[in-house]
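Trainee: give me coordinates for this.
(one chain, ligands or ions: 1)
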Amino acid sequence: MAKPRMHVMIPVDADTVVIGAREIKSRFSAEIGNRGLADEVKVIETGSFGPTNAGVVAAIQPDGVIYGNLTPERVADIVAEHVVKGRICGRYVLPRECPPPVPEAADSRQTQYAGRIVLDNCGRIDPESIEEYIANDGYFALGKALTEMTPEQVLATVTDSGLRGRGGAGFPTGRKWSFCASAKGDQKYVICNADEGEPGTFKDRLIMEGDPHKVVEGMALCGYAIGASMGYVYIRGEYKLSIERLEKAIAAARAKGLLGKGIFGSAFAFDLEIKIGAGAYVCGEETALIESMEGKRGVPRLKPPFPATHGYLGKPTNVNNVETLATIPAIVRNGADWFRSFGTPGTPGTKVYTIIGHVKRPGLIEVPAGVTLREVIDDYAGGIAAGTFKMAQLGGTAGEILGPEMLDVPMDYDAMAKVGHVLGSGAILVMNESVGVNDFLHSCLRFFRHESCGNCNPCRNGLQALFDIAGRLKAGQGYPGDVNLMEELVMALKTMAYCPLGQSPAGPVMSALRYFRPEVETGIDPSRQRPEPGHTQIDLVELTI
Ligand SMILES: Cc1cc2nc3c(=O)[nH]c(=O)nc-3n(C[C@H](O)[C@H](O)[C@H](O)COP(=O)(O)O)c2cc1C
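Mentor: As a prediction, this is how the structure comes out:
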């Protein structure tokens, strides 16, 4: 069959499916088919292009034109004018500054996609085609590792690259792998943590939807480096499209001999399975995740021992985040020095973020580590949507609040730590002055109260008490001393809670107090009297929430 002269590329991810991306795709196929052009013009599903804020979009390649806010009528016009006659429908074209558009036709690697490591294929290739992944250097790193490198060399490359885990804590990946590699045991496991339960965080989903083979290849490379023959992707059940695409990727890799026994003719055997979770936030914590995988209630284990020695089924297990694993193929393919040429000395490479809230173009971005929050907002997300910047929360609901004075701090793990902050997992929630800090805290604490597994008393009761205080402050009915009490409670939870879930509210609460304490205190009603201890009280604020 002749090579198609044109591709219509439509990002179909879980967000665009709900606004009709599949219907738009069918409409393109029908319009093109009706004109007898199905062999010449291919309609392809891709992963997310990035932030456009323009409904369902489609890129026409090789022309490099992106149309937005597509409706069936617009599709008919685009096919009639652009596809058939080659005349661009200017009225539906997205503005050029809408970043990051799909690459220019001629030299995608040199234009907008240059500098992308994890998302380089997202929006460019069909995520369901292993051939397209392979045509874009896919599985090259695995082949190189298995034919030219020892497991120790792969491990050394990852260590030298300085990659730090993208699941939130920024732990050096090579060091983590070395713990598992040196653990005793014939059977070891690789787990990809695809639970992604923090509100506002959806980077891992879009990576899996846009380029699932990268995760598969990263896991196989990890398996080779640490001596594991089996890997699992632990993924929340709500991530249906990610599951579907990962399943297809695993099956395609198996069919091509890239999973299974004797990969690339080597003695290395590695296979993958998907384990579906039920969507509890705590199951993103690596030991609760392992409990859940073992069919038990998702409650974190006490550490030590760590999963590296006592993980899944008691065997040495390495748990990494989706983005961490998706970064590995490029590191092995291009080397540690290449990776270190991106980002900062303390945080080499790039970071994938989902940026949401009061910005003009919310969505998925990949930026060099070390760019500032101001640059991310202005250059990648189109600036503040309305009003002025008030605060941003980094890293999902457990993340910290940053006030305006932090807009110019480089976003890398060390620079953030220097100013007393944590970079987090990769969600940025931007808020303008319309957001009240007490409303915001109430919403955060509702999430934690809801997600507490109830296993330990400080978390179970402490989060309820915190939520009650936040409800009073939000309603302007706080008791005198409530703000201090809130502070004491989160700090008590930080030291007493059994697992990091109960320790997490300290992040948003303490950072909100750091920047906005006077505003939080406006929620206190000085005329209210705190009831005597022991007096059973039904909190009317709580009842009205
Ligand atoms: C309550 C809680 C939820 C977590 N959820 C996730 C998650 O959804 N995805 C993730 O990768 N890490 C999550 N983590 C961190 C994991 O425990 C673990 O550190 C991470 O998967 C390690 O991967 P990395 O080294 O690649 O960063 C969570 C931690 C806690 C305490």
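Trainee: give the burial count for residue 408, as a bare number.
Mentor: Residue 408: 10 surrounding residues under other Cβ atoms under 10 Å. C-beta coordinates here come from the backbone N, C-alpha and C atoms, glycine included.
Trainee: burial measure for the nearest residue to it once chain neighbours are set aside, as a count.
Mentor: Spatial nearest neighbour of residue 408, excluding adjacent residues (Cβ to Cβ, 6 or more residues apart in numbering): residue 372 at 5.0 Å. Applying other Cβ under 10 Å, we find 17 other residues in the vicinity of residue 372.
Trainee: could you chop the chain up by domain?
Mentor: Residue ranges for each domain of the chain read 6-110, 130-340, 350-432, 437-544, as given by automatic domain parsing.
Trainee: let me have these in JSON lines, extended by mean pLDDT.
Mentor: As requested, the domains of the chain are exported to JSON lines (pLDDT from 0 to 100):
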{"stretch": "domain 6-110", "mean pLDDT": "85"}
{"stretch": "domain 130-340", "mean pLDDT": "97"}
{"stretch": "domain 350-432", "mean pLDDT": "93"}
{"stretch": "domain 437-544", "mean pLDDT": "90"}
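Trainee: got a list of what the residue sitting nearest the centre point of the chain touches?
Mentor: If you average the C-alpha coordinates of the chain and look for the closest C-alpha using Cα atoms, centre = their mean, you land on residue 203, 2.5 Å from that point. Neighbour list for residue 203: 196, 322-323, 352-354, 364, 425-427 [criterion: Cβ atoms under 8 Å, 6 or more residues apart in numbering].
Trainee: near the ligand, which residues of the stretch 51-200 of the chain show up?
Mentor: When proximity is defined by Cβ under 6 Å from any ligand atom, the stretch 51-200 of the chain lies next to the ligand at 165-169, 171, 176, 193, 195-197.
Trainee: returning to that earlier point: just the ones in helices from the contacts of residue 203, please.
Mentor: Among those, the members found in helices (DSSP state H) are 322-323.
Trainee: spatially nearest residue to residue 116 (excluding sequence neighbours)?
Mentor: The spatial neighbour of residue 116 that comes closest, neighbours along the chain excluded (Cβ to Cβ, 6+ apart), is residue 366 at 4.9 Å.
Trainee: count of neighbours near that neighbour?
Mentor: 24.
Trainee: who does it bridge with?
Mentor: Taking DSSP bridges, one obtains residue 352 as the residues bridged to residue 366.
Trainee: ok, now which ones touch it?
Mentor: Contacts were defined as Cβ under 8 Å, 6+ apart; by that measure residue 366 touches 115-119, 350-353.
Trainee: cool, residue 460 as well?
Mentor: Counting by Cβ under 8 Å, 6+ apart, residue 460 makes contact with 452, 454.
Trainee: about what we covered before: mind putting the contacts of residue 203 into TSV with distance to residue 139 and neighbour count?
Mentor: Formatted as TSV, the entries for the contacts of residue 203 read as follows, by distance: Cβ to Cβ, whole Å; neighbours: other Cβ atoms under 10 Å:
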residue	distance to residue 139	neighbour count
196	25	29
322	18	30
323	19	26
352	21	24
353	27	26
354	27	24
364	24	29
425	27	29
426	26	29
427	30	26
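Trainee: same list, the contacts of residue 203, but as a markdown table with distance to residue 508 please.
Mentor: Rendered in a markdown table, the data for these read as follows (distance: Cβ to Cβ, whole Å):
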| residue | distance to residue 508 |
| --- | --- |
| 196 | 18 |
| 322 | 24 |
| 323 | 22 |
| 352 | 22 |
| 353 | 18 |
| 354 | 17 |
| 364 | 23 |
| 425 | 14 |
| 426 | 16 |
| 427 | 12 |
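Trainee: ok, the closest residue to the ligand within the stretch 101-250 of the chain to residue 449 distance?
Mentor: Scanning the stretch 101-250 of the chain for proximity to the ligand using Cβ to the nearest ligand atom identifies residue 165 as nearest, at 2.3 Å. Summarising the geometry, the distance separating residue 165 from residue 449, computed by Cβ to Cβ, to the nearest Å, is 28 Å.
Trainee: the two: who's more crowded?
Mentor: The residue with more neighbours, out of residue 165 and residue 449, is residue 165; 22 against 19, by other Cβ under 10 Å.
Trainee: that one against residue 173, yeah?
Mentor: Yes. Look at residue 165 against residue 173 with Cβ atoms under 8 Å: they come within range, at 5.5 Å.
Trainee: joint contacts of these two?
Mentor: Here residue 165 and residue 173 share the contacting residues 320, 324, scored by Cβ under 8 Å, 6+ apart.
Trainee: among the contacts of residue 366, which one sits closest to residue 387?
Mentor: Distance from residue 387 was checked for each of the contacts of residue 366 by Cβ to Cβ. The minimum falls on residue 353, at 21.6 Å.
Trainee: residue contacts, residue 533?
Mentor: The neighbours of residue 533, taking Cβ under 8 Å, 6+ apart as the test, come to nothing; the list is empty.
Trainee: can you tell me the SS state at it?
Mentor: Under the three-state scheme (DSSP: H, G, I helix; E, B strand; the rest coil), the conformation of residue 533 reads as coil.
Trainee: would you mind measuring from it to residue 149?
Mentor: If you measure residue 533 against residue 149 using Cβ to Cβ, the figure is 65 Å.
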